[in-house]
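J.: I'll drop the sequence and a predicted model, then ask my questions.
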There are 2 protein chains.
Amino acid sequence: MHICMDWKSITFDWNRARAFLVTAEEGSLAAAARSMGMTQPTLGRQVAALESEIGFDLFTRRGRGLELTPNGIKLLEHVRLMGDAANQFSLSASGKSDVIEGDVSITASELLSTFMLPPMIKALRELEPGIEIEIYSTNEQRDLNRREADIAIRSVRPTQPELIAKRLCSVRGHLYAAKSYLQQLGYPPSIAELNKANFIDTEKPGRLMTLLNSQGFSLTRQNFPVISNSHIVQWELVKQGMAITATVEEIGDNEPLVERVVISNLPLITIDLWIVTHNELRTNPRIRRVFDFMVSEFAGD
Amino acid sequence: MHICMDWKSITFDWNRARAFLVTAEEGSLAAAARSMGMTQPTLGRQVAALESEIGFDLFTRRGRGLELTPNGIKLLEHVRLMGDAANQFSLSASGKSDVIEGDVSITASELLSTFMLPPMIKALRELEPGIEIEIYSTNEQRDLNRREADIAIRSVRPTQPELIAKRLCSVRGHLYAAKSYLQQLGYPPSIAELNKANFIDTEKPGRLMTLLNSQGFSLTRQNFPVISNSHIVQWELVKQGMAITATVEEIGDNEPLVERVVISNLPLITIDLWIVTHNELRTNPRIRRVFDFMVSEFAGD
DNA sequence: TCCAATCCATACAAATATGCATACCTGAAG
DNA sequence: CTTCAGGTATGCATATTTGTATGGATTGGA
């Protein structure tokens, strides 16, 4: 501790540094403004004020967006560190609040978000009306460290040590097809008939092809005439008898238009579901409440 | 890089975190306000707003000052990291400015500040009227990492790798006393007579006593009846014939009221002077200008 | 016990920052 | 060449923040 501590270097406007950080990361003032819930002129003036304060430009103004100057690139490293610390501050702070009201955001795959979460959230809201839930439905893995969500439900156990994960349950997956499509193929279809069928995955040489071929199929890219990044779209296509796909029992068995394509006594695949949250959120009562509730709901399956 | 980056945890008001940091470090809103050049109500409201935002108290209000809550202590770690990053940002930023106008702050010991810097600064200002100089006269070592000064002149080489140091010159130190006092002791005084004289240092069992005893003196605490933390005060006492002290030739030889107390042909002590600045400031043109000027001035001695 | 010093909270005026509407610029596509 | 989409800069009314002045509270010492 200093006798007379001097704060010359940190008495600049930290919000201007924040504006610089987000603008640099987002690539334009307008995009930064959108993602922060502010307006473009505000951010523009904050960045301009910072540039004026430090005496040189951080961006070169171009018709389309901004471009970092070499100096801006150097300084960006430092505001990134500020941002990381701010992030940790925010995470830690919300873990120490003892109110059980407020937002909790959950991210899960499209299928989980669409078919499994809604009834659970409904039950939770009846128990805890003070907790508001935000569902990020996405097949991308969101970054809990950046607090893009408070809770994630994933099919892989995260490796980062700052995240805590709990295994929810195992779900069994099978091949499903519309009844109409099965009758078209031959009922029940033989492996030879299935090898001529259409399948759906997110990519052409996808994981489903590899999996099925390891189970005795001999599929090629020709068997995947339609792909979609959205599992919901995939499922709609399956329901309409356009193709076959793999999905979990909880979804496939509850859809009267489709039925299992049985190729063996065993499930095609078994997936472990994990619920994940940030270490710092462990002590946040409302996130804890949602976390524990989700664990108990899935355990009931 | 994320597809859709989310800034939920970063969009809080960073200036409130800054207010929290400085208030916690300084111990009170009033002290924090003083050291930041703001007012106490402003900081009080910023801290209160932050507490309201995160939902719990950071400080317990007490009659005299504030006291961190346990939660506040935890969160302080994170805002400290923000502050460190802000500090680095600021240092790096001023290193990249290419204007040669503005403030440069120099810290040096009281004696150097008083007797050696003024003529040098005068010469510098004539060459570079755009550069304004701020002299921190203190015997404490200021923290260049926190930018309590841009340039320091010290008698020890700093060890931190992020600082750059250059040896200015060696200065020779001798014992000096007022002529009147020497006549009182006996002229020239013998070692036995000097052993009964009064000396001045900053502490009672100080370094000067150790040094002189290693050179044949036999002094005790009784020989240091007056101490002062200020070398200026010490020097005034010496000039008025109250005691003997050690100082450098440049000061002692230029003062007609005093003369050297010669105890050997060699100087009593030889001190290396170093000029130090922060790595990041190496490329700041105006600080560079002052740095180089000081080097050349001292080399002329 | 009283006083002085120090600090925090609040009312109100002034200064500052923000948002909205809009003009302007640039690059890509028809 | 024109249009259009996406972005940046600016004027102006409004909101918010800040500083000043002041009152209230607590501590430490005469």
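T.: Perfect, thanks for sending it.

J.: For A:Glu53, which non-adjacent residue is closest in space?
T.: A:Phe12 (6.2 Å; CB to CB, 6 or more residues apart in numbering or on different chains). In short, each C-beta sits where N, CA and C put it, glycine included.

J.: In a helix, the one you found, correct?
T.: No - counting by DSSP: H, G, I helix; E, B strand; the rest coil, A:Phe12 is located in no helix; its state is coil.

J.: so who does it touch?
T.: A:50, A:53, B:86, B:90 (CB atoms under 8 Å, 6 or more residues apart in numbering or on different chains).

J.: Likewise for A:Glu162?
T.: A:145, A:278-280.

J.: do the same with A:Ala85
T.: A:Ala85 touches B:78-79, B:81-82, B:84-85, counting by CB under 8 Å, 6+ apart.

J.: cutoff 7 Å now
T.: Taking CB atoms under 7 Å, 6 or more residues apart in numbering or on different chains, we find A:Ala85 in contact with B:78, B:81-82, B:85.

J.: Going along the chain from the helix or strand hosting it, find the next helix or strand for me.
T.: Using DSSP states H and E, A:Ala85 sits in helix A:70-96. For helix A:70-96, the succeeding helix or strand toward the C-terminus, using DSSP H and E, is strand A:102-108.

J.: contacts for that next one?
T.: A:117, A:131-138, A:142, A:149-153, A:286-287, A:290.

J.: now the residues you listed: which count as buried?
T.: A:117, A:131, A:133, A:135-138, A:142, A:149-153, A:286-287, A:290 (16 or more other CB atoms under 10 Å in any protein chain shown).

J.: Of those, which is the nearest to DNA strand D?
T.: A:Thr138 (21.3 Å; CB to the nearest atom of the strand).

J.: one step back: looking at the contacts of strand A:102-108, which are in helices?
T.: A:117, A:286-287, A:290 (DSSP state H).

J.: quick one: low-confidence parts of the stretch 51-200 of chain A?
T.: A:63 (pLDDT under 70).

J.: Please list the residues of it that sit near chain B.
T.: Selection of the stretch 51-200 of chain A residues close to chain B by CB under 7 Å from any CB of the partner chain yields A:54-56, A:71, A:74-75, A:78-79, A:81-83, A:85-93, A:96-99, A:140, A:143, A:146-148.

J.: Please list only the buried members of those.
T.: Buried among those (16+ other CB under 10 Å): A:54, A:71, A:74-75, A:78-79, A:81-83, A:85-93, A:96-97, A:146-148.

J.: Can you add distance to DNA strand C and give the contacts of A:Phe12 back as a markdown table?
T.: Converted to a markdown table, the contacts of A:Phe12 look like this (distance: CB to the nearest atom of the strand, whole Å):
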| residue | distance to DNA strand C |
| --- | --- |
| A:Leu50 | 11 |
| A:Glu53 | 10 |
| B:Ala86 | 17 |
| B:Ser90 | 17 |
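
J.: which two in these are spaced the farthest apart?
T.: A:Glu53 and B:Ala86 (12.9 Å; CB to CB).

J.: Leaving aside the residues adjacent along the chain, what's closest to the closest residue to DNA strand C within the stretch 201-301 of chain A?
T.: Taking CB to the nearest atom of the strand, DNA strand C has its nearest neighbour within the stretch 201-301 of chain A at A:Asn229, 22.0 Å off. Spatial nearest neighbour of A:Asn229, excluding adjacent residues (CB to CB, 6+ apart): A:Thr202 at 5.6 Å.

J.: Show the contacting residues for the one you found.
T.: So A:Thr202 contacts A:227-229 (CB under 7 Å, 6+ apart).

J.: what does A:Thr114 give?
T.: Counted by CB under 7 Å, 6+ apart, A:Thr114 has contacts A:137, A:232.

J.: Check the residue nearest to A:Asn229 and give its pLDDT.
T.: Confidence at A:Thr202, expressed as pLDDT, is 80.

J.: mind checking how far stretch A:262-271 is from the chain centre?
T.: 27 Å (CA atoms, centre = their mean, to the nearest Å).

J.: This completes my enquiry, with thanks.
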